[in-house]
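Novice: build me a structure from this.
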Amino acid sequence: MTILASLLLWVVCLSCHAGLQPVRYGLPLSSAPYRTGMWAVRLITSLMALVITLRDGTIIGMVEWCMTFSVAGVIVAVCVAGLRRDRP
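Specialist: From the prediction side, this is the model:
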């Protein structure tokens, strides 16, 4: 359950990261209030994932945290590639 929760938090975090850099990822632009919210969500979700994984112990928690970050990065990259507005 820890891995699933951390993975979900990282997916949300990295989705907000992509939303904060719309030109780089070819996504639609967002307004300033949404960017502020996404920045806060990105910060909070990454810290929540860290806290959740560290409950299993320091070493195992850090491995889980890094592992779920990597898997979530792949998931978000696939989703962003499907949402790009400049696709042929």
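Novice: in the helix or strand of the chain with the lowest mean pLDDT, what's buried?
Specialist: Every helix and strand in the chain was compared by mean pLDDT, DSSP states H and E; the lowest is helix 22-25, with a mean of 82. For helix 22-25, a neighbour-count test (16 or more other Cβ atoms under 10 Å) marks Tyr25 as buried. From N, CA and C alone the C-beta is placed, and that goes for glycine too.
Novice: following that helix, which helix or strand shows up next?
Specialist: helix 32-54 (DSSP states H and E).
Novice: export that following helix as CSV, just CAs?
Specialist: C-alpha atoms of helix 32-54 as CSV (Å, rounded to 0.1, in the frame of the first residue of the first chain):
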residue,chain,number,x,y,z
ALA,A,32,-1.4,32.4,-12.7
PRO,A,33,-3.7,31.1,-10.0
TYR,A,34,-3.5,27.6,-11.4
ARG,A,35,0.3,27.8,-11.6
THR,A,36,0.5,28.8,-7.9
GLY,A,37,-1.7,25.9,-6.9
MET,A,38,0.3,23.5,-9.0
TRP,A,39,3.5,24.7,-7.4
ALA,A,40,2.1,24.1,-3.9
VAL,A,41,0.7,20.7,-4.9
ARG,A,42,4.1,19.7,-6.4
LEU,A,43,5.9,20.6,-3.1
ILE,A,44,3.3,19.0,-0.8
THR,A,45,2.9,15.7,-2.7
SER,A,46,6.6,15.1,-3.0
LEU,A,47,7.1,15.6,0.7
MET,A,48,4.0,13.5,1.5
ALA,A,49,5.5,10.7,-0.6
LEU,A,50,8.8,11.0,1.3
VAL,A,51,7.0,10.8,4.7
ILE,A,52,4.9,7.8,3.7
THR,A,53,7.9,5.8,2.4
LEU,A,54,10.1,6.6,5.4
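Novice: what's the angle from whatever helix or strand comes next after it to helix 32-54?
Specialist: Remark: after helix 32-54, the chain's next helix or strand is helix 58-83, criterion DSSP H and E. Angle, helix 58-83 to helix 32-54, by axes from the mean of the first three to the mean of the last three Cα atoms, to 10 degrees: 140 degrees.
Novice: contacts for the least confident helix or strand of the chain next, please.
Specialist: Applying Cβ atoms under 8 Å, 6 or more residues apart in numbering, the external contacts of helix 22-25 come out as 18, 28-30, 80, 84.
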